[in-house]
Every structure is written in structure tokens, then in C-alpha cells.
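> Please work out how this folds:
(one chain, ligands or ions: 2)
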Amino acid sequence: VTSKNRLTALITGATSGIGRATAHEFAKHGINLVLCGRRQERLDSVQNALSREVDVHTLNFDVRDKDATFKAIESMPEAFKNIDILINNAGNAHGLDPIETGSTDDWDAMMDINVKGLLYVSKAIIPNMTERKSGQIINIGSSAGKEVYPKGNVYCASKHAVLAITEGMRIDLNPYGIKVCAINPGLVETEFSQVRFKGGKAADNVYKGYKALQPEDVAEVIYFAVSRPAHVNIADVLMFCTAQASSTIVKKD
Ligand code: NDP
Ligand code: 8X3
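Residues are numbered from 1 along each chain as shown. Ligands and ions are numbered 1, 2, ... in the order given. The predicted model follows:
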């Protein structure tokens, strides 16, 4: 396989956690990469780590900014323009508060990043896929997209929306032969809880007393989904660590 006939994947949220682990997993399997995020030094370090194995381009933009998102994706060099695999991963929870005291800024962040940002990136990439009548979109949802838990309110809503958008995409893009998949993990040990709790102490305890999923565990499932034969679409995956049975039931030591 030469670098020219390799697949190309665009991964949002490639500076941390699941997105970064997916970049490493894809590079291992010879998939060229467009890595997206806001922290340029992180983008540079992932690019440095992987550019010996595959071609890597980085794009720095905030998915909340519609114009910046379109501009960044339009700016891609010719060699990266045909995206075969889109991994819509950028996202986070902001806060864990009951609905009556939740912050509207947190709500805006979750809806703007997890839902609208995913739509903007998809809108910028899909025309190239429909034109070529091929491609695969993997949306990173969550167990929170299948089940609402106490104080999860708006985060759960944003991930339920991701699941609905995934199903809508699968239907609308069906005539073009584009595969659409949702991967919905439970607790994964990443920077997720630092973001949710704004660096507060609560973040330190989230992954204590049991073995949570690691970002690499999710990356392997994502690679499994992209490495199936042309006629196979892994449509929807719910994955937990063994200690987790539902959003609220986790067996701890
Ligand atoms: P991390 O916090 O480790 O990574 C989040 C990534 O999203 C970072 O690369 C960050 O990059 C990017 N991101 C956040 N906000 C923006 C923005 N406004 N514009 C562009 N990029 C942004 O968390 P995870 O790896 O855990 O999260 C990845 C996805 O997995 C999310 O959608 C999350 O909801 C989902 N998920 C996580 C679970 C968990 O328990 N960890 C479980 C189920 C789903 P940067 O800051 O550089 O912009
Ligand atoms: C992340 C997992 O349980 O914090 O989506 O919602 S959880």
C-alpha cells in the first residue's frame, strides 16, 4: 500500500482520550489522518508521533464556530480532501447538576459542541462522500445516549441527539452507500471528567475502585468497525467496562 491509495480518516477531538487513541490505532493500520482539535501543541505532538507511519495533516478549529469549521475543512490540501472515514468524536460533558440548578453556559457548551458541532463537521465532509458514493461516518455517542441518569439531563439529551442524528444519517445516506455507525461507550478514563468537573476534586474519584474502559479499548472497536468488508456496517455499539452494568450501576472494590 502506498501513501496515495491509503484510506484517509478525519478525527475530531484528536488531542486527547478516545480521539487520540483512535489516531494511534488508525496509524498502526496505515490509515492517513486529518487530526482536529483546538490545542495546537497537542495536535503537533500527535502528528510528530504518527507522521513516520502515515501522512498526517492537522486542523485547529472550534467545532462551535460554524465558519471556522467550514474554512478549516475547505483548507485541506488536495492529498487529504477525499475523506473516507469521518470520526465525529469531539465532545464533552460540562457539569453534573440537577436541572433546576444547572448552568445555561454548560447547557450551551454541550448542545453547541456535541450536537451542533457534529452537524457542522458532517455538513462540511458529506458532499465529498455523496459525490464519490462512498465513505463511513462514525459518531461517538455514549451510554448516556441510551439511558438518562440523575443530573445527566442535558448531556444525556445531547447524546440522545447524537443517536437520532446517526440514525437519520444512515437513512438519508443509504442511497449513496455510505456507512453510518454509532459507538456508545460507558465510563472511559480520559480527560472527560476533568472537563465535566472543571478540574475539580470530583474528577479524581470517577475512575477509582474499578477498571474503567481505556481510550484504546474504544479505539479498537472503532477500528473493527472501519475494517469490515464493504457489505458490512456495524450500525450501533454499546460498550461498558466489565464493572459497569448501567449508567448508575458500577461494581467498585
Ligand atoms: P477528552 O476530554 O479526553 O477529549 C475530548 C476531545 O474533544 C478533545 O480532543 C478536545 O480537543 C475535543 N473538543 C472538546 N471541545 C471541542 C471544541 N469546542 N472544538 C473542537 N474540539 C473540541 O474526552 P473523551 O475522549 O472521553 O471524549 C471523546 C468523546 O467521547 C466525547 O464525544 C464524549 O462525550 C464521548 N464519550 C466519553 C466517555 C467517557 O466516559 N470518557 C463515555 C462515552 C462517550 P481540544 O480541547 O484540543 O479542542
Ligand atoms: C460518558 C459516560 O456515564 O459520564 O458519556 O455519561 S457518562
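
> in the protein, which helix or strand is least confident?
helix 202-205 (a mean of 93; mean pLDDT, DSSP states H and E).

> interface residues of the stretch 51-200 of the chain facing ligand 1?
Those residues of the stretch 51-200 of the chain that sit near ligand 1, judged by CB under 6 Å from any ligand atom, are 62-64, 89-92, 113-114, 140, 142, 185, 187-188, 190-192, 195. Glycine gets a C-beta too; all of them are placed from N, C-alpha and C.

> pretty sure Asp24 is touching Val218, no?
Residue 24: His, not Asp. No - with contact defined as CB atoms under 8 Å, His24 does not reach Val218; the gap is 11.9 Å.

> between those two, who's got more neighbours?
With neighbours defined as other CB atoms under 10 Å, His24 and Val218 compare such that Val218 has more, 25 against 17.

> The more buried one: what secondary structure?
helix (DSSP: H, G, I helix; E, B strand; the rest coil).

> mind checking how far it is from ligand 2?
For Val218, the distance to ligand 2 (CB to the nearest ligand atom, to the nearest Å) stands at 11 Å.

> got it, and Gly13?
Gly13 sits 13 Å away from ligand 2, going by CB to the nearest ligand atom.

> Would you mind naming the helix or strand containing that residue?
Per DSSP states H and E: Gly13 is located in neither a helix nor a strand.

> now do Gly95
Assigned by DSSP H and E, Gly95 belongs to neither a helix nor a strand.

> same deal with Ile138?
Assigned by DSSP H and E, Ile138 falls within strand 136-140.

> can you state the direction angle for the helix or strand just after that strand and strand 136-140?
Counting by DSSP H and E, the next helix or strand C-terminal to strand 136-140 is helix 153-172. Angle of helix 153-172 versus strand 136-140, following axes from the mean of the first three to the mean of the last three CA atoms, to 10 degrees, is 170 degrees.
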